[in-house]
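> Predicted model follows, preceded by the sequence.
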Amino acid sequence: MSPSTTLSTHVLDLVAGGPAQGVPVRLDHLDGTTWVRLAQGQTDADGRLPGLLPAEAPQQGTFRLCFDTGSWFARTQTVAFYPEVPIVFRIDAPGAHYHVPLLLGPFGYSTYRGS
């Protein structure tokens, strides 16, 4: 039996210079032309959300992480431009670990494939 693919994320608040706690995150998989929800959760006190990819989920393909930044900015009473940040990426190596961080500010964001 081959190892399962794993997926995690980490959201950092660039204004405060620390983790973004309580950001709602949704994971979707592209099945043909339709996005199918696989999981959802919130970042913890360290801004992290591990174990996003359920074991029964597809182990490769096109995926999307949707960060509900609008509700998080509202809770932190921050005026912001982006109500949602969708990050679309591919998993091509089943059994590998994928980490997708989000560096977040009220008027911009950045992401990369982490380790």
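Looks like it came in fine.

> Low-confidence stretches in this protein?
Scanning the chain with the threshold set as pLDDT under 70 gives 1-2.

> same thing but 90
1-4, 55, 94, 115 (pLDDT under 90).

> ranges for the strands of it?
Secondary structure of the chain (DSSP state E): strands located at 6-13, 18-19, 24-31, 34-42, 48-49, 61-67, 85-91, 97-105, 108-111.

> The residue positioned nearest the centre of the chain - nearest residue in space that isn't next to it in sequence?
With distances taken as C-alpha atoms, centre = their mean, residue 65 lies nearest the centre of the chain, 4.2 Å away. Excluding the flanking residues, the one nearest residue 65 by C-beta to C-beta, 6 or more residues apart in numbering is residue 87, at 4.7 Å. No exception for glycine: its C-beta is placed from N, CA and C like everyone else's.

> For the one you found, which residues are in contact?
Contact analysis of residue 87 by C-beta atoms under 8 Å, 6 or more residues apart in numbering lists 64-67, 100, 102, 111.

> Dump the strands of the chain into JSON lines; add distance to residue 75 as well.
Below are the strands of the chain laid out as JSON lines (distance: least, C-beta to C-beta, whole Å):
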{"stretch": "strand 6-13", "distance to residue 75": "12"}
{"stretch": "strand 18-19", "distance to residue 75": "14"}
{"stretch": "strand 24-31", "distance to residue 75": "10"}
{"stretch": "strand 34-42", "distance to residue 75": "11"}
{"stretch": "strand 48-49", "distance to residue 75": "17"}
{"stretch": "strand 61-67", "distance to residue 75": "14"}
{"stretch": "strand 85-91", "distance to residue 75": "16"}
{"stretch": "strand 97-105", "distance to residue 75": "13"}
{"stretch": "strand 108-111", "distance to residue 75": "17"}
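
> Identify all contacting residues around stretch 63-76.
Outside stretch 63-76, the residues that touch it by C-beta under 8 Å, 6+ apart are 7, 9, 11, 20, 22-30, 35, 38, 52, 79-80, 82-91, 100, 102, 104, 106, 109.

> Likewise for stretch 7-17?
Here stretch 7-17 has contacts from 18-20, 23, 25, 27, 43, 46-53, 63, 65, 67, 78, 91, 97-106, 114, using C-beta under 8 Å, 6+ apart.
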